[in-house]
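Asker: Turn this into a structure:
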Amino acid sequence: MPIYEYRCEECGHVTAFLEALGAKKRHACEKCGSVKTTKTLSTFAAHVGTSSSGASGCPTGTCSLPR
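Answerer: Purely as a prediction, here's the structure:
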């Protein structure tokens, strides 16, 4: 299940919730209790390690990523 972030329209607090795709449940703000929340775009980070071929940042060793 993905993690979604919701911003409270009353106080601006952002809270993350783990929920199924397409869930319709309204979430209450953890800070003020308001149910006036809006789903926001969240960012994520991914770490790419080195492969056994020694190519840095490319799992197959055939990518055109800088070394």
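
Asker: Please count neighbours and contacts with C-alpha atoms only from this point.
Answerer: OK.

Asker: Can you pull out the low-pLDDT segments for this structure?
Answerer: 42-61, 64-67 (pLDDT under 70).

Asker: ok, which stretches of it are strands?
Answerer: Assigned by DSSP state E, the strands in the chain fall at 3-8, 14-18, 37-40.

Asker: Burial-wise, tell me which of the ones you listed comes out on top.
Answerer: Highest mean neighbour count of those: strand 3-8, a mean of 18 (counted as mean count of other Cα atoms under 10 Å).

Asker: strands paired with it, and their directions?
Answerer: Next to strand 3-8 in the sheet, as set by DSSP bridges, lie strand 14-18 (antiparallel), strand 37-40 (antiparallel).

Asker: check contacts around residue 37.
Answerer: With contact taken as Cα atoms under 8 Å, 6 or more residues apart in numbering, residue 37 is in contact with 6-9, 26-29.

Asker: and what of residue 15?
Answerer: 5-7, 29-30.

Asker: That one pairs with what?
Answerer: residue 6.

Asker: how near is it to residue 63?
Answerer: Using Cα to Cα, to the nearest Å, residue 15 is found at 37 Å from residue 63.

Asker: cool, residue 6 as well?
Answerer: 36 Å.

Asker: And for residue 23?
Answerer: Distance of residue 23 to residue 63, computed by Cα to Cα: 37 Å.

Asker: okay, the two: which has more neighbours?
Answerer: residue 63 (12 against 7; other Cα atoms under 10 Å).

Asker: show me the contacts for the nearest residue to residue 39 once chain neighbours are set aside.
Answerer: In space, and not counting its chain neighbours, residue 39 is closest to residue 6: 4.3 Å by Cα to Cα, 6 or more residues apart in numbering. By Cα under 8 Å, 6+ apart, residue 6 lies in contact with 14-17, 27, 37-40.

Asker: Which one of the residues you listed is nearest to residue 1?
Answerer: Taking Cα to Cα as the measure, residue 1 sits nearest to residue 17 out of the contacts of residue 6, at 9.9 Å.

Asker: Kindly provide the distance from that closest one to residue 63.
Answerer: For residue 17, the distance to residue 63 - Cα to Cα - is 35 Å.
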